[in-house]
Each structure stands twice: as structure tokens, then as C-alpha cells.
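1. Got a sequence here, can you model it:
(one chain, ligands or ions: 1)
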Amino acid sequence: MTTRMLTGGAAVLALMPAIAAAQCDDGERVVNFSHVTAANGHPKGEMAAALAERVNEAMDGTLCMEVFPNSTLFDDDKVLEAMMLGDVQLAAPDVGKFDAYSQALQVFNLPFLFASTEAVQRFTEGEAGQDLLMAMEDSGIIGLAYVYNGLRQFSAGQPLIEPTDAEGLKFRVTTSDVTEAMIDELGAQPQALAFSEVYGALQTGVVDGQENTWSNIYTQKFYEVQDGITETNHQFLTYLMVTSQDFLDSLDEGTREEFLSLVDEVSDEYNARANEINAEARQAIIDAGGTVRELDDAQRQAWVDAMTPVWDQFEEAIGSDVIEAAQAANEG
Ligand code: SIN
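-> You can find the predicted model right below:
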């Protein structure tokens, strides 16, 4: 397998039919990993690249893995369909993108539920988190590993200090009912848009603001077209690395086990780096002239009070047992 970086959607699409033949040796199974974020300076982007390197080295002659970052192959709303058709074997969308398949996974999007990466780790490694890996089994989608990003922050074209500052604004959101309801609670308007469209939408005023992690805000340069970023730390962006049952079934047992063990090894390694990557991105935004606004305890509490009413709306759909397990994970 020859490693090659591909950039630019048009170039990739033009090359697509030839990818497997050009990249992989005879007899190697192709593993295409499609995702939407930057390849560098990003927990998911770096994890995906490292996984490809590890798979191609350890499983040379058996598997041939290629990563397509930056939505160059599919947006997250198309990738699951592509996976079912066998065009993509791996993806790691944020859990919001699984809304149509599993409401229980939306536990990660409940605002102010998880206080830290450590709490998310306790939850994902516990029984409830492990059960959720299989939440979409009936649809033929298998969760292989959680991939952590970090806590989301709000930004807008005007300063956001009190939640009332968000009233009447339009915020880009990912496709999650929980997140849409959370924005409604602020008296603001949610607008679901693909990740690749956010910069342009902020720049042209299609939306006034957005909410995302430091690594996404920095690598997508959202700070360039926003007044500032308010450190609300309101929601933990978690990805679920998924494959199809069909792909797993098509591998012989030895190949499957070796592949799954590399997935575990590399995702653990990069999950341990997620905090550091986000802290570096936060600093890089400041260094690049972006404005970061910290909240005092009373201001932050006002955001908590404004958005947590959505918990009640989704308790039945997510499951109170799942929410309780997540809350317990905060306690260590
Ligand atoms: C991602 O980090 O994969 C995208 C998140 C988003 O759509 O907000």
C-alpha cells in the first residue's frame, strides 16, 4: 500500500473509482475511513491518520486503509448510507449524527451533563457506555470505539456573556434533536448545517453563531468570522467510530481480531491526547488574535439554568438509567 495524502473534493471524486486499484495491492481488502474534520491539530483527524498508519504497517497484504478527511469523500449525513452500500468501511461521526438510529446515544449531547473528559471516559468504559456501542446493531451499524474531542463552546457575531445575549440569534447546530431543543431554550433559532458549510454560513451571515470545540473552532478558522468565543463548556463532543456488520462479517476471524485490537489501541492513545490538543487549539486561537471570553461562576450558572430544562424533554427517549450512569461518572 502506498500512502498518499488526498486534498480537495473534486480531485478525490475524480480519483474515486481508481482508489482501490491504485492504492492497494492485489488481495488486500480496502478500508476507507471518511470523516469531516481536519487531519492535523484535531483529535479525530490525528487518530484516523495514526490508525491507517498502524493498520497498513501491521496488516500489510491483508488490509489497505485510506483516510479521507475534511468531508472530501462524504459529509456526515451521507456517510452512514455510504457505509451500508459498502463504499466506506469506517466513520466516526459525532453522536448527534446518529439521532435517526439511536436516541440513547444522545445522552452525550445533554447540556452540562459531562463535566470533563475523565467523566466521559468513566462512562464510556462502564457498562452503560459499552452497551451503547451496540445501540444501532439492528440497523447493521456496529460501534467499535468512542473517540473523544472535548467540550463545546458558543461563539457569535456579538459578545455572549449572559444566555439572554443569545436571544433572537440563529445558531448552526449538528443534526441533534437535543441540541436543537437546547438552542430553543435560549430563545434562539437552531439551524442544522453540514460541518463543511459552517465557515461560509458564519461569514455570509446565514447564521449568527455556532457551538463547537476548541479544536474544531481553530482548525476550521471559525474564530476569524466571529466576534469571540465564550467558554461555556456546555456539551461534550463525542464520536462513535462505526463500521457495518457486513464488513466485519466479511473478515476472517484472525483479521477481524487484529483489526479491532488496533482500533482499540489507537483510539485509547488519542483519547488520552484529546485534552492537550484542545488546550493547544484554544491557545492558538488567542495567539491568532481571536477573543476568548471566560465566564464567572454566576454567569456560567445562568447558562446551566437556561439549557438544562431539555434533560426532562429527552429523559424517556434516552433512558433514565443511561442518564443516571452518566451522572454517576461525574462523581469519579
Ligand atoms: C466533527 O467534529 O466531526 C463535526 C462536528 C459538528 O458537525 O459540529
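2. just the helices in the stretch 1-150 of the chain please.
-> 9-15, 19-23, 43-58, 76-84, 117-125, 127-132 (DSSP state H, counting those that start in this stretch).
3. mind giving me TSV with the ones you listed and columns for distance to the ligand and mean pLDDT?
-> In this view, the C-beta of every residue, glycine as well, is placed from N, C-alpha and C. Output for the helices of the stretch 1-150 of the chain, formatted as TSV (distance: least, C-beta to the nearest ligand atom, whole Å; pLDDT from 0 to 100):
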stretch	distance to the ligand	mean pLDDT
helix 9-15	16	38
helix 19-23	22	47
helix 43-58	6	98
helix 76-84	6	93
helix 117-125	15	97
helix 127-132	18	97
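4. what does this protein put close to the ligand?
-> 36-37, 94, 149, 174, 195, 212, 216, 237 (C-beta under 6 Å from any ligand atom).
5. okay, the residues you listed in JSON lines with neighbour count, distance to Val266 and pLDDT next?
-> Below are the residues of the chain next to the ligand laid out as JSON lines (neighbours: other C-beta atoms under 10 Å; distance: C-beta to C-beta, whole Å; pLDDT from 0 to 100):
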{"residue": "Val36", "neighbour count": "27", "distance to Val266": "19", "pLDDT": "98"}
{"residue": "Thr37", "neighbour count": "27", "distance to Val266": "16", "pLDDT": "98"}
{"residue": "Asp94", "neighbour count": "28", "distance to Val266": "19", "pLDDT": "95"}
{"residue": "Asn149", "neighbour count": "26", "distance to Val266": "16", "pLDDT": "98"}
{"residue": "Thr174", "neighbour count": "26", "distance to Val266": "24", "pLDDT": "94"}
{"residue": "Phe195", "neighbour count": "23", "distance to Val266": "22", "pLDDT": "96"}
{"residue": "Asn212", "neighbour count": "26", "distance to Val266": "24", "pLDDT": "98"}
{"residue": "Asn216", "neighbour count": "27", "distance to Val266": "20", "pLDDT": "98"}
{"residue": "Leu237", "neighbour count": "26", "distance to Val266": "19", "pLDDT": "97"}
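6. now, among those residues, which is nearest to Gly86?
-> Val36 (20.1 Å; C-beta to C-beta).
7. Verify the stated contact: that closest one with Ser71.
-> Yes. With contact defined as C-beta atoms under 8 Å, Val36 reaches Ser71; the gap is 4.5 Å.
8. For the two, list the residues in contact with both.
-> 194-196 (C-beta atoms under 8 Å, 6 or more residues apart in numbering).
9. and Gln130, how far is that from Thr124?
-> According to C-beta to C-beta, to the nearest Å, Gln130 and Thr124 sit 8 Å apart.
10. hang on, the earlier thing: take the helices of the stretch 1-150 of the chain and lay them out in TSV including distance to Gly205 and mean neighbour count.
-> Below are the helices of the stretch 1-150 of the chain laid out as TSV (distance: least, C-beta to C-beta, whole Å; neighbours: other C-beta atoms under 10 Å):
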stretch	distance to Gly205	mean neighbour count
helix 9-15	24	12
helix 19-23	38	14
helix 43-58	28	21
helix 76-84	23	19
helix 117-125	34	20
helix 127-132	38	17
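11. closest one to Phe222 among the ones you listed?
-> helix 43-58 (16.0 Å).
12. so that closest one versus helix 117-125, what angle?
-> Here helix 43-58 points in a direction 50 degrees away from that of helix 117-125 (axes from the mean of the first three to the mean of the last three C-alpha atoms, to 10 degrees).
13. that older thread, include distance to Glu180 when you put the helices of the stretch 1-150 of the chain into TSV, please.
-> Below are the helices of the stretch 1-150 of the chain laid out as TSV (distance: least, C-beta to C-beta, whole Å):
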stretch	distance to Glu180
helix 9-15	28
helix 19-23	36
helix 43-58	23
helix 76-84	15
helix 117-125	22
helix 127-132	21
